[in-house]
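S.K.: Pasting the sequence and the predicted model now:
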Amino acid sequence: MKRRVVITGMGALSPIGNNAGDMWQAAKNGVCGIAPITYYDTSAQKVKLAAELKAFDPEEWVDPRALRKMSRFSQLALIAAKQAVKQSGLDISKENASHCGVNVSSGIGGLDTIEQEHSRGLAKGFDRVSSYFIPTAISNMAAGLIAIEFGLKGSCTCVVTACASGTNAIGEGFRAVRDGYAEVMVCGGTEASITPLAIGGFTSMSALSQSTDPSRASIPFDKKRSGFVMGEGAGVLVLEEYEHAKNRGAAILGEIAGYAATCDAHHLTAPLGDGSGAADCMTLAMQDAGITPNDVGYINAHGTSTPMNDRCETQAIRTALGAATDTVAVSSTKSMTGHLLGASGAVEAILTACALNEGFLPPTINYAVPDELCNLDIVPNVGRKKDITYAMSNSLGFGGHNAVLVLRRIR
């Protein structure tokens with residue numbers, strides 16, 4: 001028998017808020033987190049904007065000596081996990097630690113560390129790079145550090161599926177709890193790739209917007225969209241078996257009802273033109289949740305603001321939902337946060353859970369020019385109240401990775 005899986009803790013660091021509550025309030029208000037890059041000199045590069053964290057000091061959460069042994073993506077994940085575990089009220093000393101696990105992903109991992117240590121190697125010789133270089137740069141270290149911090153001795157893994165990573169991590173954690181392999185899973189995604197090399201790499205493949213106007217850079221579903229805006233952050237959820245959470249008196253923030261993952265098996269970076277891979281994933285996720293398209297009240301779209309993604313995702317939604325598409329609201333919170341790569345699905349799952357809880361749909365901001373090929377109700381510019389029971393969160397990644405979560409409101 002499949003067990004119910006609920007959310008008891010949520011932690012987030014994002015360009016629009018340094019915890020889940022502040023992030024949600026900013027999303028409701030349509031706050032744009034995009035601004036000129038401050039982390040390095042952009043004068044020699046075409047892209048000038050990104051979605052950086054604001055007023056963030058990791059030393060408020062982690063000892064400075066420990067921070068020196070962590071890449072930024074691990075720092076963000078650990079802090080988001082601390083927020084989530086604190087909210088959950090979970091006391092691992094009272095749990096069977098071998099039944100408590102971690103699945104926290106990153107699409108790229110410690111690229112900042114790789115860049116820094118490569119420069120150091122060129123200057124001083126490669127045998128002089130930091131002895132912490134490898135353990136800080138590898139993508140699984142965020143998950144490992146969270147397990148160490150809280151003594152979580154169950155399965156500890158890191159899903160790497162590009163921009164679908166965070167959603168896959170939550171989905172696989174959901175399955176572990178639902179199918180009885182764990183009582184508790186700490187799940188999510190993290191990314192910190194606002195670096196010269198990452199920005200340059202995405203620029204060279206024409207994936208990033210080169211707009212210098214923050215209000216017209218990340219504009220999902222807008223006909224004038226020209227690419228995504230790089231963001232950074234982390235989102236972490238504590239997932240528990242329903243009776244386990246009830247028995248310890250935990251506050252239940254939402255429920256994961258279904259999950260699916262598929263692959264286009266088509267191209268390195270481009271989705272299938274007809275959106276069929278993503279459509280299959282949405283259909284399978286609804287089947288997993290035991291619902292029909294008419295039950296879906298809201299979709300947090302992948303919505304990257306690239307010409308191809310938004311067109312193909314629109315087609316995917318119309319294929320998967322059929323006639324119900326015309327009654328469902330679909331917004332892209334990347335219009336506010338930018339694209340957090342491996343962290344995006346986790347941050348968006350948190351925003352989707354908040355939307356269900358509050359009966360309020362976050363907007364797609366800075367929308368100005370309708371696109372007839374993206375003919376969805378994208379909640380343009382201003383959020384709205386809507387009482388909904390089920391919502392989906394979509395993530396689509398390079399390599400053809402598709403991942404979809406179905407969330408259910410808890411009354």
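M.R.: Looks like it came in fine.

S.K.: what about Ile170, distance to Asn103?
M.R.: According to Cβ to Cβ, to the nearest Å, Ile170 stands 8 Å off from Asn103. C-beta here means a position set from N, CA and C on the backbone, and glycine is covered the same way.

S.K.: Of these two, which one has the most company?
M.R.: Ile170 (35 against 29; other Cβ atoms under 10 Å).

S.K.: Give the full set of residues in contact with that one.
M.R.: Asn103, Cys187, Gly188, Leu237, Leu239, Ile256, Tyr259, Gly345, Ala346, Ala349, Leu405 (Cβ atoms under 8 Å, 6 or more residues apart in numbering).

S.K.: Just the ones in helices from those, please.
M.R.: Gly345, Ala346, Ala349 (DSSP state H).

S.K.: State the distance from the second one to Leu76.
M.R.: Ala346 sits 11 Å away from Leu76, going by Cβ to Cβ.

S.K.: cool, the first one as well?
M.R.: When Cβ to Cβ is applied, the distance between Gly345 and Leu76 equals 15 Å.

S.K.: do Gly189 as well
M.R.: 10 Å.

S.K.: which residues do those two both contact?
M.R.: Common neighbours of Gly189 and Leu76 (Cβ under 8 Å, 6+ apart) are Ala234, Ala343.

S.K.: When these two are compared, which one has more neighbours?
M.R.: Gly189 (40 against 32).

S.K.: so what's the more buried one closest to, chain neighbours aside?
M.R.: Gly166 (2.6 Å; Cβ to Cβ, 6 or more residues apart in numbering).

S.K.: How about Val382?
M.R.: Val382 sits nearest to Pro363 (Cβ to Cβ, 6+ apart), 5.4 Å away.

S.K.: how many other residues sit next to the one you found?
M.R.: Number of residues near Pro363 (other Cβ under 10 Å) recorded here: 23.

S.K.: mind listing what it touches?
M.R.: Here Pro363 is in contact with Gly30, Ser331, Ser335, Val379, Pro380, Asn381, Val382, Gly383, Arg384 (criterion: Cβ under 8 Å, 6+ apart).

S.K.: One more: Asn247?
M.R.: Contacts of Asn247 by Cβ under 8 Å, 6+ apart: none found.

S.K.: Then the one 5 residues further on?
M.R.: When contacts are counted by Cβ under 8 Å, 6+ apart, Ile252 touches Val6, Ile7, Thr8, Tyr242, Ala245, Lys246, Ile410.

S.K.: helix, strand or coil for it?
M.R.: Secondary structure for Ile252, judged by DSSP: H, G, I helix; E, B strand; the rest coil, is coil.

S.K.: which residues touch the lowest-mean-pLDDT helix or strand in the chain?
M.R.: Using mean pLDDT, DSSP states H and E, helix 64-67 stands out as the lowest-scoring helix or strand of the chain, at a mean of 94. Identification of contacts with helix 64-67 by Cβ under 8 Å, 6+ apart yields Pro58, Glu59, Gln75.

S.K.: let's go with 6 Å and repeat that
M.R.: Pro58 (Cβ atoms under 6 Å, 6 or more residues apart in numbering).

S.K.: list the buried ones in that helix?
M.R.: Residues of helix 64-67 classed as buried: Leu67 (neighbour count, 16 or more other Cβ atoms under 10 Å).

S.K.: Just give me how far that helix sits from the chain centre.
M.R.: Offset of helix 64-67 from its chain centre (Cα atoms, centre = their mean, to the nearest Å): 26 Å.

S.K.: buried stuff in the helix or strand just after that helix?
M.R.: As assigned by DSSP states H and E, the chain's next helix or strand after helix 64-67 is helix 72-88. The neighbour-count check on helix 72-88 (16+ other Cβ under 10 Å) flags 72-85, 87-88 as buried.

S.K.: for stretch 222-232, same thing?
M.R.: Neighbour-count burial for stretch 222-232 flags Asp222, Arg225, Ser226, Gly227, Phe228, Val229, Met230, Gly231, Glu232 (criterion: 16+ other Cβ under 10 Å).

S.K.: Can you pull out the low-pLDDT segments for the stretch 151-300 of the chain?
M.R.: Across the stretch 151-300 of the chain, nothing is flagged by pLDDT under 70.

S.K.: Which parts of it are helices?
M.R.: 165-178, 196-204, 242-247, 276-289 (DSSP state H, counting those that start in this stretch).

S.K.: quick one: contacts of the last one?
M.R.: Where contact means Cβ under 6 Å, 6+ apart, the residues beyond helix 276-289 that reach it are 257-260, 262, 264, 316, 319-320, 396, 402, 404, 406.

S.K.: Could you work out the most separated pair of those residues?
M.R.: Distance extremes for these: the farthest pair is Ala257 and Asp264 at 24.6 Å, using Cβ to Cβ.

S.K.: Neighbour count: these two, which is higher?
M.R.: Between Ala257 and Asp264, counted using other Cβ under 10 Å, Ala257 has the larger neighbour count: 25 against 22.

S.K.: Hmm, Leu405 and that one touching each other?
M.R.: No: judged on Cβ atoms under 6 Å, Ala257 makes no contact with Leu405 at a distance of 8.5 Å.

S.K.: circling back to that earlier point, got any residues that touch both of Ile170 and Asn103?
M.R.: With Cβ under 6 Å, 6+ apart, Ile170 and Asn103 have common neighbours Cys187.
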